[in-house]
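Trainee: Here is my input; please provide its structure:
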Amino acid sequence: MNTTSVNASADQPHRLDRTGGCPHADNARLLARGAVTPVVLPGEVEGMAVLGHDALKEFLAHPDVAKNAQHFAALQAGEIADGWPLKTFATVQGMTTADGADHRRLRSLMGKAFTVGRVAELRPRIEALTASLLDGLDQAAATADDGVADLRKHFAMPLPMGVICELLGVDPEYHDRLHHLSNQIVATDIGPEQAMAANRDMVEVLGAVAAARAKEPGDDLTTALIAAREENGDRLSPHELIGTLMLTIIAGHETTLNLITNAVRALCTHRDQLALVRSGQATWAAVVEETLRWDSPVSYFPFRYPTRDLTLDGTVIPKGTPVLAGYSAAGRDKQAHGHDADRFDITRDHAARHLSLGHGAHYCMGAPLARMEATIALEQLFARFPDLTLAVPEAQLPRHASFVGNSVRTLPVRLRDQTP
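Mentor: Down below sits the predicted model:
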């Protein structure tokens, strides 16, 4: 927990902890103050965070809120240094930083890869990959001296990375490198030189991917994006192509990786809930939805900018302010989810839908795919290893070094009951 923020008085802005950590205690304290709060971003950059469920839902779909960094006042004034750890979120060119017609154009291109039919066609491949990865997880545990395997490394990461890279036509040789660079870009605790190097290396790798697909086209999204660019030169610029690939890689595996990891942690520490789903009294889909609400894969997502002074839940957010979407806080907002919002309950009535996959024009296009991957992963995992347990107390698991991503860095597990 960030002691700086805990000791801050109620009239001081919340200083976000660059090293991440579990967000829920700070979220509860901030929500007690209100749905919108001023924050201090790395580099002493002033911003705001929207934490309350209803306020966030309104903000995400507000017509006077933009995603394009031309509306980021401090950036346009030259006050944001190169190497600022959050700069990529603001400046990368793609769907998440586009508005209006540009956003619709890019979303239309991407939508072809995420149609209901295309996602449904992936199910057999996801099921086969899941089974194969479980073999590898079993082998990793069997060859370890203590019988412990890192579920995040051997299962939760390679599953969504393999699926999204297959969609994009990215060769397996790049998978580990892309995961490492994604982690660096999402991290908020790294220095300027590391941040710039990660962005530079990511652009280099994705440039190589694009060049390979241009030379040898295939039935993949990268080929389709290149073809669209070539058919009509103003549809997708080279920067937009690389930016779109970058955003798809990061969003397409980091969030699902965290979702699977957080769900396994939740079930291992709430065996009564695991018993409900394994006995057929609840569904794996319900586990996924409750995990998305209770322990969102993303804590604070950058950025949106009001295009005018905007009053939200009684708080003024000045024009041009960088605003974080507080998904993990909104998921446990008691005003929306009830007095027991802090409790993990897969039988919960989800009448107040969580916002962890977004809302409005920028709703996560890959949501159906993420839900399918997580559901298949959890069902197969606990069918094969019903006695799976955490190998260390949950409180000792090292947290993600970012206030953007919300999860742990490793998930050591024992796959079978060790009782003699």
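
Trainee: show me what contacts Gly358?
Mentor: 60, 364, 367 (C-beta atoms under 8 Å, 6 or more residues apart in numbering). For the C-beta atoms, the positions are set from N, CA and C on the backbone; glycine is no exception.

Trainee: would JSON lines of the residues you listed with neighbour count be doable?
Mentor: JSON lines is the format used below for these (neighbours: other C-beta atoms under 10 Å):
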{"residue": "Leu60", "neighbour count": "20"}
{"residue": "Cys364", "neighbour count": "17"}
{"residue": "Ala367", "neighbour count": "16"}
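
Trainee: just those now: which is nearest Ile190?
Mentor: Set against Ile190, the nearest of the contacts of Gly358 by C-beta to C-beta is Cys364 (25.5 Å).

Trainee: Am I right that that closest one is in a strand?
Mentor: No - secondary structure of Cys364 (DSSP: H, G, I helix; E, B strand; the rest coil): coil, not part of a strand.

Trainee: and of the contacts of Gly358, the nearest to Arg332?
Mentor: Within the contacts of Gly358, proximity to Arg332 (C-beta to C-beta) peaks at Leu60, which comes in at 17.5 Å.

Trainee: State the phi and psi torsions of the closest residue to Gly52 other than its chain neighbours.
Mentor: Among residues not flanking Gly52 along the chain, Ala35 sits closest, at 2.7 Å (C-beta to C-beta, 6 or more residues apart in numbering). Backbone torsions for Ala35, taken as degrees, to the nearest 10, come to phi -80, psi -20.

Trainee: about what we covered before: quick one: which of the contacts of Gly358 is nearest to Asp272?
Mentor: Distances from Asp272 to the contacts of Gly358, taken by C-beta to C-beta, are shortest for Ala367, at 28.0 Å.

Trainee: How about the contacts made by the closest one?
Mentor: Per C-beta under 8 Å, 6+ apart, neighbours of Ala367: 357-358.

Trainee: same question, Ala28
Mentor: Contacts of Ala28 by C-beta under 8 Å, 6+ apart are 332, 342.

Trainee: Now with 10 Å, please.
Mentor: By C-beta atoms under 10 Å, 6 or more residues apart in numbering, the contact set of Ala28 is 51, 329, 332-334, 341-342.

Trainee: neighbours of Lys215, just the number please.
Mentor: Using other C-beta atoms under 10 Å, Lys215 has 7 neighbouring residues.

Trainee: Quick check: the gap between it and Phe385.
Mentor: 43 Å (C-beta to C-beta, to the nearest Å).

Trainee: returning to what we had before: just curious, which of the contacts of Gly358 is nearest to Ala377?
Mentor: Ranked by distance to Ala377 (C-beta to C-beta), the contacts of Gly358 are led by Ala367 at 15.6 Å.

Trainee: Dig out what Val323 forms beta bridges with.
Mentor: Here Val323 sits in beta bridges with Met48, Arg304, going by DSSP bridges.

Trainee: List the contacts of the most centrally placed residue in the chain.
Mentor: Residue closest to the average C-alpha location in the chain (C-alpha atoms, centre = their mean): Thr255, at 3.1 Å. Residues near Thr255 by C-beta under 10 Å, 6+ apart: 160, 186, 292, 296-298, 301, 356-357, 364, 366-367, 370, 374, 405-407.

Trainee: repeat for Ala266
Mentor: Listed by C-beta under 10 Å, 6+ apart, the contact set of Ala266 reads 273-274, 287, 290-291, 294-295, 344, 346, 394.

Trainee: Does the helix or strand that contains Met202 pack against any helices or strands, and if so which?
Mentor: In the assignment (DSSP states H and E), Met202 maps to helix 192-215. On a contact count with 3 or more C-beta pairs under 10 Å, 6 or more residues apart in numbering; DSSP states H and E, helix 192-215 meets helix 87-91, helix 158-168, helix 175-186, helix 221-231, helix 238-268.

Trainee: between these, which gets nearest to Asp313?
Mentor: helix 87-91 (24.0 Å).

Trainee: Figure out how far the closest one is from the centre of its chain.
Mentor: Its chain's C-alpha centre and that of helix 87-91 lie 16 Å apart, by C-alpha atoms, centre = their mean, to the nearest Å.

Trainee: in this protein, which ranges drop under the pLDDT threshold?
Mentor: Along the chain, the parts satisfying pLDDT under 70 run over 1-11, 113, 229-235, 350-352, 419-420.

Trainee: can you pull out the strands in it?
Mentor: When secondary structure is read from DSSP state E, the chain shows strands at 14-15, 36-41, 45-50, 65-66, 148-150, 300-306, 310-312, 315-317, 323-326, 389-390, 412-414.

Trainee: For these, give me a markdown table that also has mean neighbour count and distance to Arg399.
Mentor: Listed next are the strands of the chain as a markdown table, based on neighbours: other C-beta atoms under 10 Å; distance: least, C-beta to C-beta, whole Å:
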| stretch | mean neighbour count | distance to Arg399 |
| --- | --- | --- |
| strand 14-15 | 18 | 17 |
| strand 36-41 | 21 | 19 |
| strand 45-50 | 23 | 19 |
| strand 65-66 | 22 | 30 |
| strand 148-150 | 20 | 15 |
| strand 300-306 | 24 | 14 |
| strand 310-312 | 18 | 29 |
| strand 315-317 | 17 | 29 |
| strand 323-326 | 26 | 17 |
| strand 389-390 | 16 | 15 |
| strand 412-414 | 21 | 14 |
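
Trainee: Nearest approach to Glu204 belongs to which of those strands?
Mentor: Among the strands of the chain, if distance is taken as C-beta to C-beta, the winner is strand 300-306, at 23.5 Å.

Trainee: returning to what we had before: quick one: closest of the helices and strands packed on helix 192-215 to Ala101.
Mentor: Each of the helices and strands packed on helix 192-215 has some distance to Ala101 by C-beta to C-beta; the shortest is helix 238-268, at 13.4 Å.

Trainee: now that closest one against helix 192-215, angle please.
Mentor: 110 degrees (axes from the mean of the first three to the mean of the last three C-alpha atoms, to 10 degrees).

Trainee: Now helix 238-268: buried residues?
Mentor: 240-268 (16 or more other C-beta atoms under 10 Å).
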